[in-house]
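A.B. asks: A structural model of the following input is requested.
(chains A and B, ligands or ions: 3)
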Amino acid sequence: MGFKDLINSKKILSLFAAFMLLGTNLLMAQSTATTIAGTDTPEQKADMWLGVGYYALLLLLGCVIVAIIGKILKIYDLTLQMQGRKGLNWNNIIGVICLIFLVAGLYGAYWSLTVQGSGILPEAASEHGAKIDFMFWVTSAITLFVFFITQILLFGFAFRYRGSEKRKGYYYPHNNTIEKLWTVIPAIVLTILVVFGFFTWRTVTNVDNKKGDINIDVTGHQFAWEIRYPGRDGKLGSVNYQLYTANNILGVNFKDRNSFDDQKADTLVLPVNRTIRINIHAQDVIHSFYMPHFRVQMNAVPGLPTFFKFKPTITTSEMRNRLDDPKFEYLLYCNKICGGGHYNMQKVVRVVTEAEYQDWIERQKPYLSDQLKKELKLADRGEQNKAGKNRIALNN
Amino acid sequence: MSTLAVHDHGVVHHDHDQEHHHTDTFITKYVFSQDHKMIAKQFLITGITMAVIAMLLSILFRIQLAYPDKTFPLMETLLGRFAPNGRLDPEFYLSLVTIHGTIMVFFVLTAGLSGTFSNLLIPLQVGARDMASPFINMLSYWFFFTASVIMISSFFVQKGPAGAGWTIYPPLSALPKAMGGSGLGMTLWLISMVCFIASSLMGGINYVSTVLNMRTKGMDLWKMPLSVWAFFLTAILGVLSFPVLVAGVVLLIFDRSFGTSFYLSDIVLNGKIMPFEGGSPILFQHLFWFLGHPEVYIVIMPAMGISSEVIAVNSRKPIFGYHAMVYSLIGITTLSFIVWGHHMFVTGMNPFLGGVFMITTLIIAVPSAVKTFNWLATLWRGNIRFTPAMLFAIGLVSFFISGGLTGIFLGNAALDINLHDTYFVVAHFHLVMGSAAIFGMLAGVYHWFPKMFGRLMDEKLGYLHFWITFICAYLVFFPMHFMGLDGVPRRYYAMTEFPAFNRWLSVNTFITWAAITAAVAQIAFLYNFIHSIFWGKKSPQNPWNSTTLEWTAPVEHIHGNWPGEIPTVYRWPYDYSKPGHDTDFILQTTPFSETMSSNLPHDFEDNPVGLEQYNQWAKTQRSSEEVK
Ligand code: HEM
Ligand SMILES: [Cu+2]
Ligand SMILES: [Cu+2]
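C.D. replies: Ligands and ions are numbered 1, 2, ... in the order given. Just a heads-up that it's a prediction; the model follows:
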């Protein structure tokens, strides 16, 4: 009986494999065919349904196999019972599976942590980021410890105390001491983490404007970021969304003298070891200014300018060396769902030395382009003509 | 015996003057039923249907993530304009994510879970004939059903369903021009949610009042099973927090349709200056998360209650630290009202406020930890019977640990700067809420299936279902932590635009196949479920040798639950394997006078008369032993 089953299942197994191969082949053929052609021909339609048919068949086959195995188990169980022996002891079987799962799972977690875990971000490239990383690793150590202990206990107990008719559970409704213990210990550990985290959070976010900070405006809209540097005076001119025109998409207010020398840039270039204050704006929907390498994130909210202050510490070229990746770039991307183009709203961020920065900033174009100048003059004239109705040129 | 029962039955109907079950038509019995057991089944089946739909949606977008460059002609055939040339449209991808999230969180894990088990178990476990208001209970189901239909119907509008994420943050959700899904699809989403919340409130009010007012004789609050405690506190949480979402949604409807500016200000959309002024998008986030955070506990607490019950029954042991379990539920309920800001650390909310929310957030981890340790202690030295329900309950504990621990990272505002809105968050909540709560729900289905349908489900298929689902859930969500730690944002249509993300492409493919395997494994459940309803083995009255009240009711459902008088309750629900008793469980309806040999002084803490009797008995026992 047992042997027969074995042969049976082997046949089924090979059949299954053959089907799998065929189905996959078909799907592949079909996907290459469509990428070439693009539009569907009746042939492709047929191919498609063939592929679908194969998978459906495969599924059916799987169900049949499960059903057969189920029947075999039932018959095996019944023969055992007919021979006067006990049927399958499912408590033992499942208990053992729990143990296997525990061992395999621990190994899997270890594998995932070491292999996939090696793909995480490199060390923080900013001053506050280093603090955050330190806290991250402390938290990881604590939580991983708890993770492994509790999972081992959970599945260990499941195996160790799997049911048996010979035993009875141990009537043990409570133990106040131990319960107090495992309330107080997590509370203490969490308190430490909270205090620690609270102060780090405050040092990151509770910062005043200081002289010498580089102020940069970054504005998100569907689906790009606009960057504006303050120019020589180090001051950004004010903005007002009502002033939006095709040539002045940020709505910079040119009645404000600070705006005259503002510059426009395509790349966010930052000098290393200088404090940067990014002023974050959004024009249409919420975006999120996210630069993970610097551990920087702040949402860009329409109507509510936000900011993030940080100090980059590693230049791009240094990071390239460290990572041994000559193509590495720091990136800025959008991290708040903002519509169909959300997934591709990136900007390159480059951290350079002070000298390189000065050199670069010299070469940036002024925000006040010639076209914009013309437009503003026109608007001025319009304003003189119809006092008060200055929207004609600015707003259409 | 039988004549007695019939006689009593008549009496019951007399003082309950409800419609007599003989006059039940098909409509009043199966459709507009007011019987809590039938309504529970309606919730369950609708919930399962919605779960299957939401699961299929997730497979669609997982395929996109795994094969961003491939075309699938089948997709175009199925989805038409939403998948031109066999590739998902980016906006439709977002719609899929949105509707998947909405259905899973609200329709499956709130209505499907609470709706089913609160309805089924509250009256049966506290000893009531039905809900406080059967009529409102019926309305609650039909509002839920309406909400489901409206939500699904949004797939059939021109520009597709809502697509701003299940959190529907304005302005994206408020400006119809901002994306396709923010048009009619969003309107339908909002209407559907208003119906849903109405349903949820009617249900919740019923659950609370039933628990408070309709407990049988002897059933004081401290004799209620943990499941009832959980349903009760969940309902309170829902009743207090859902109305806030209504407020948020109504204001959003105003902004969308009547030109108000509650959430909108300073907007230039597609080169057009919009007239909105003075609103704040952050306001919506506060209103949303004031519900949204309690909502995640609304989802998990019933699952916790169910698991506590299932673990105690199948470990053949009292739940460890019953009082601590109740107090931690109460703690979670209270604290969950003051932590919502942890979803908003980097949204522009005042950072000092963020610091405060961080403190409250990490406090809420303490009761969660207590619950976990108590479950572990319950398993310790138990006599564990691996029913499928038990396995799913163990699975819940495992997921809750894995996902809860990552909450400690996210709750730390400083760490959240880099983790917010990445796959790390996706991993966190799918483990701690998604997987854990679904497992709690499945544990409940396997455990109380005999109570619902009078038949047993097949255990072997249950095992198969459990192991595949359990392993695959870990395979799907565990790797996502590392993607998140690499700064991969959630809700990205494709990772291909970022060369740095290329290393995750193979991981994405792997995850998708794990997800598909898990989805296929649900066939084992669906087959088992449907097959067993009609052809399963007939269940005995108390198939799991459980102590609670619902198993004293007859297998055949009757209106009013018990023939004759409702049983009186004498003891707590966890007298399993009590030393000195001949079986390993003692029903809640068994008086102490019948179990002299197993009574403990502890049993009479607030019952001096009983204690007297007990001491008397113990004394005579001792003296008779001496005589021997
Ligand atoms: C151990 C205690 C927990 C802590 C400290 C915690 C903390 C957090 C934090 C801070 C976030 C926001 C992350 C972000 O968006 O950046 C979050 C997200 C989330 N948490 Fe938890 N959590 C805990 C347990 C739970 C539980 C028990 C559930 C559900 C049953 C849950 C469900 C969620 C959900 C659904 C989200 C994501 C919402 C979204 O953005 O779509 N969490 N959690
Ligand atoms: Cu964006
Ligand atoms: Cu929360």
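A.B. asks: so what's residue 95 up against?
C.D. replies: Because you didn't say which chain, this covers chain A. A:158-159, A:162, B:384, B:386 (CB atoms under 8 Å, 6 or more residues apart in numbering or on different chains). C-beta: built from backbone N, CA, C; applies to glycine.
A.B. asks: To clarify, I was referring to chain B.
C.D. replies: B:82, B:160-163, B:180-181, B:185.
A.B. asks: Who wins on neighbours among those?
C.D. replies: In terms of neighbour count, residue B:163 stands highest of the contacts of residue B:95 at 32 neighbours, by other CB atoms under 10 Å in any protein chain shown.
A.B. asks: For burial, what's the neighbour tally of residue 230?
C.D. replies: Picking chain A for this. 20.
A.B. asks: Actually, chain B is the one I wanted.
C.D. replies: For residue B:230, using other CB under 10 Å, the count is 31.
A.B. asks: cool, and residue B:611?
C.D. replies: Residue B:611: 16 neighbours (other CB under 10 Å).
A.B. asks: what do you get for the one 5 residues further on?
C.D. replies: The burial metric for residue B:616, expressed as a neighbour count using other CB under 10 Å, is 10.
A.B. asks: host element of it?
C.D. replies: Assigned by DSSP states H and E, residue B:616 belongs to helix B:608-627.
A.B. asks: could you check whether stretch B:290-302 is close to ligand 1?
C.D. replies: Yes - with CB under 6 Å from any ligand atom as the criterion, ligand 1 is reached by stretch B:290-302 at B:296, B:299-300.
A.B. asks: Residue of the stretch 251-396 of chain A nearest ligand 1, please.
C.D. replies: Proximity of the stretch 251-396 of chain A to ligand 1 (CB to the nearest ligand atom) peaks at residue A:297, 9.4 Å away.
A.B. asks: Let me know the helix or strand that that residue is in.
C.D. replies: strand A:296-300.
A.B. asks: Paired strands for that strand, with orientation please.
C.D. replies: When pairing is defined by DSSP bridges, strand A:296-300 lines up against strand A:287-291 (antiparallel).
A.B. asks: Mind listing what's buried along the strand it pairs with?
C.D. replies: Neighbour-count burial for strand A:287-291 flags A:287-291 (criterion: 16 or more other CB atoms under 10 Å in any protein chain shown).
A.B. asks: That strand near ligand 1 anywhere?
C.D. replies: No - using CB under 6 Å from any ligand atom, strand A:287-291 never reaches ligand 1; the gap is at least 10.7 Å.
A.B. asks: Low-confidence bits of chain A, can you list those?
C.D. replies: Applying pLDDT under 70 to chain A flags the ranges A:1-45, A:382-396.
A.B. asks: Check it and tell me which residue is nearest its centre.
C.D. replies: residue A:335 (8.0 Å; CA atoms, centre = their mean).
A.B. asks: Make TSV from the residues of stretch B:290-302 next to ligand 1 and add secondary structure, neighbour count and pLDDT to it.
C.D. replies: Formatted as TSV, the residues of stretch B:290-302 next to ligand 1 follow (DSSP: H, G, I helix; E, B strand; the rest coil; neighbours: other CB atoms under 10 Å in any protein chain shown; pLDDT from 0 to 100):
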residue	secondary structure	neighbour count	pLDDT
B:296	helix	18	94
B:299	helix	27	95
B:300	helix	28	95
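A.B. asks: check contacts around the residue in the stretch 1-150 of chain B that ligand 2 sits nearest to.
C.D. replies: For the stretch 1-150 of chain B and ligand 2, the shortest gap (CB to the ion) falls at residue B:94, measuring 11.8 Å. Residues in contact with residue B:94 (CB under 8 Å, 6+ apart) are A:337, A:339-340, A:342, B:163-165, B:179, B:181, B:491, B:493.
A.B. asks: now swap in residue A:290 and tell me
C.D. replies: Contacts of residue A:290 by CB under 8 Å, 6+ apart are A:296-297, A:332-335, B:421, B:487, B:489.
A.B. asks: Go through those and flag which are in helices.
C.D. replies: With helices defined by DSSP state H, no entry of the contacts of residue A:290 lies inside them.
A.B. asks: Of those residues, just say which sits nearest to ligand 2.
C.D. replies: residue A:334 (3.1 Å).
A.B. asks: which stretches of the stretch 201-350 of chain A form helices?
C.D. replies: A:316-323 (DSSP state H, counting those that start in this stretch).
A.B. asks: Strands along that one, start to end?
C.D. replies: A:214-221, A:224-229, A:263-265, A:268-271, A:276-282, A:287-291, A:296-300, A:306-310, A:330-334, A:347-352 (DSSP state E, counting those that start in this stretch).
A.B. asks: now swap in chain B and tell me
C.D. replies: B:268-269, B:272-273, B:455-456, B:537-538 (DSSP state E).
A.B. asks: Domains in chain A, by residue range?
C.D. replies: A:1-88, A:90-206, A:214-387 (automatic domain parsing).
A.B. asks: Out of the ones you listed, indicate the one that is most buried.
C.D. replies: domain A:214-387 (a mean of 19; mean count of other CB atoms under 10 Å in any protein chain shown).
A.B. asks: wait, does that domain contact ligand 2?
C.D. replies: Yes - contact of domain A:214-387 with ligand 2 (CB under 5 Å from the ion) involves A:287, A:334, A:338, A:345.
A.B. asks: quick one: the last one from residue A:224, how far?
C.D. replies: The one in question is residue A:345. Distance, residue A:345 to residue A:224, by CB to CB, to the nearest Å: 6 Å.
A.B. asks: For residue 304, which residues are in contact?
C.D. replies: I went with chain A, as the question did not name one. Contacts of residue A:304 by CB under 8 Å, 6+ apart are B:265, B:280-282, B:348.
A.B. asks: could you do chain B instead?
C.D. replies: Residue B:304 neighbours (CB under 8 Å, 6+ apart): B:226, B:230, B:329, B:371, B:396, B:400, B:440.
A.B. asks: Would you mind naming what in chain B lies close to ligand 1?
C.D. replies: Near ligand 1, when you scan chain B using CB under 6 Å from any ligand atom, you find B:167, B:296, B:299-300, B:342-343, B:361, B:364-365, B:368, B:404, B:407-408, B:410-411, B:416, B:419-421, B:425, B:428-429, B:432-433.
A.B. asks: Verify the contact between residue A:242 and residue A:251 for me.
C.D. replies: Yes - judged on CB atoms under 8 Å, residue A:242 makes contact with residue A:251 at a distance of 6.7 Å.
A.B. asks: Now for the contacts of residue B:95: which two are most distant?
C.D. replies: B:82 and B:162 (13.7 Å; CB to CB).
A.B. asks: Residue B:39 is nearest to which of the strands of chain B?
C.D. replies: The nearest among these, by CB to CB, is strand B:455-456 at 19.6 Å.
A.B. asks: who does that closest one touch, helix- and strand-wise?
C.D. replies: helix B:436-453, helix B:505-535, strand B:537-538 (3 or more CB pairs under 8 Å, 6 or more residues apart in numbering or on different chains; DSSP states H and E).
A.B. asks: tell me what the longest one is packed against?
C.D. replies: Using 3+ CB pairs under 8 Å, 6+ apart as the contact criterion, the neighbours of helix B:505-535 among helices and strands are helix A:42-82, helix B:36-66, helix B:436-453, strand B:455-456, helix B:459-485.
A.B. asks: Between the ones you listed, which one is closest to residue A:315.
C.D. replies: helix B:459-485 (23.3 Å).
A.B. asks: hmm, that closest one touching chain A?
C.D. replies: Yes - Helix B:459-485 is in contact with chain A by CB under 8 Å from any CB of the partner chain, via B:459-461, B:463-464, B:467, B:470-471, B:474, B:478-479, B:482-483, B:485.
A.B. asks: Would you reformat those residues as a markdown table and include distance to residue B:523?
C.D. replies: Formatted as a markdown table, the residues of helix B:459-485 next to chain A follow (distance: CB to CB, whole Å):
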| residue | distance to residue B:523 |
| --- | --- |
| B:459 | 17 |
| B:460 | 15 |
| B:461 | 10 |
| B:463 | 15 |
| B:464 | 10 |
| B:467 | 15 |
| B:470 | 16 |
| B:471 | 16 |
| B:474 | 20 |
| B:478 | 24 |
| B:479 | 25 |
| B:482 | 31 |
| B:483 | 29 |
| B:485 | 34 |
